[in-house]
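Trainee: below is the structure, and that's it, no one-letter string:
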Ligand code: GAR
């Protein structure tokens, strides 16, 4: 089996990235990590990727202030030596333009902490609480030029509890993210794009 080379993009602690790497290390996975790329050298996940023997790259967005196209050209150049077949955004907190997402159409996934199409963007947990939702969760989807849009590949549903704060809810959703994203990537890398629903 030729395994698909997966680049994982992070901005922070990279707990989702670790869950993807851990699963790709298990038997029978059609994907293998080729590089973990961060937009800041402060991203805690870089050390965790290196510990697992995965190459890392940093393209700091700050010198590109406002020039997303140049930032994305630098990302493409940084990726080139690793020849990825696909990209997983895992807590990558920079918006990508259509120029980049079109190049990776059908080959780039993202995890978002809400039941899309609800609550695109930031502060998803607080917004779900504010709306009085009884069900919240997370979504893995294909990335398109629209933020937090694109075909849905999987969702994990998390009941909202009466005493929940944004923090307690986020923590329970994150547990599900760590189950959902590897499960979707495993199927996707093997060519299965059917929607996966996890219920907690
Ligand atoms: C995760 O909750 C992920 O869903 C979210 O950032 C967190 C990253 O945590 N992503 C987004 O909000 C993207 N729109 P991690 O670095 O520990 O994986």
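Mentor: That came in fine, so what should we check first? Here the structure is a predicted model, which means the values were calculated and not measured. Residues are numbered from 1 along each chain as shown.

Trainee: need the residues of this structure near the ligand, please.
Mentor: 10, 12-16, 90-91, 111-113, 138, 148, 174, 177 (CB under 6 Å from any ligand atom). Any C-beta I mention is one placed from the backbone N, CA and C, and that applies to glycine too.

Trainee: gap between stretch 168-182 and the chain center?
Mentor: Distance, stretch centre to chain centre, for stretch 168-182: 12 Å (CA atoms, centre = their mean, to the nearest Å).

Trainee: list the buried residues of that stretch.
Mentor: For stretch 168-182, a neighbour-count test (16 or more other CB atoms under 10 Å) marks 169, 170, 172, 173, 174, 176, 177, 178, 179, 180, 181, 182 as buried.

Trainee: can you show me the helices along the protein?
Mentor: 15-24, 45-51, 68-79, 98-103, 124-130, 166-189 (DSSP state H).

Trainee: and the nearest residue to residue 178 once chain neighbours are set aside, how close does it get to residue 88?
Mentor: With CB to CB, 6 or more residues apart in numbering as the criterion, residue 178 has its nearest non-adjacent residue at 4.1 Å, and that residue is residue 19. Using CB to CB, to the nearest Å, we find residue 19 at a distance of 11 Å from residue 88.

Trainee: compare those two (neighbour count), which wins?
Mentor: residue 88 (30 against 21; other CB atoms under 10 Å).

Trainee: what sits against the more buried one?
Mentor: 6, 7, 8, 9, 17, 20, 108, 109, 110, 181, 185 (CB atoms under 8 Å, 6 or more residues apart in numbering).

Trainee: now those residues as CSV including distance to residue 43 and pLDDT?
Mentor: CSV is the format used below for those (distance: CB to CB, whole Å; pLDDT from 0 to 100):
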residue, distance to residue 43, pLDDT
6, 17, 99
7, 14, 99
8, 11, 99
9, 10, 98
17, 9, 98
20, 15, 98
108, 19, 98
109, 19, 98
110, 16, 98
181, 17, 98
185, 20, 98
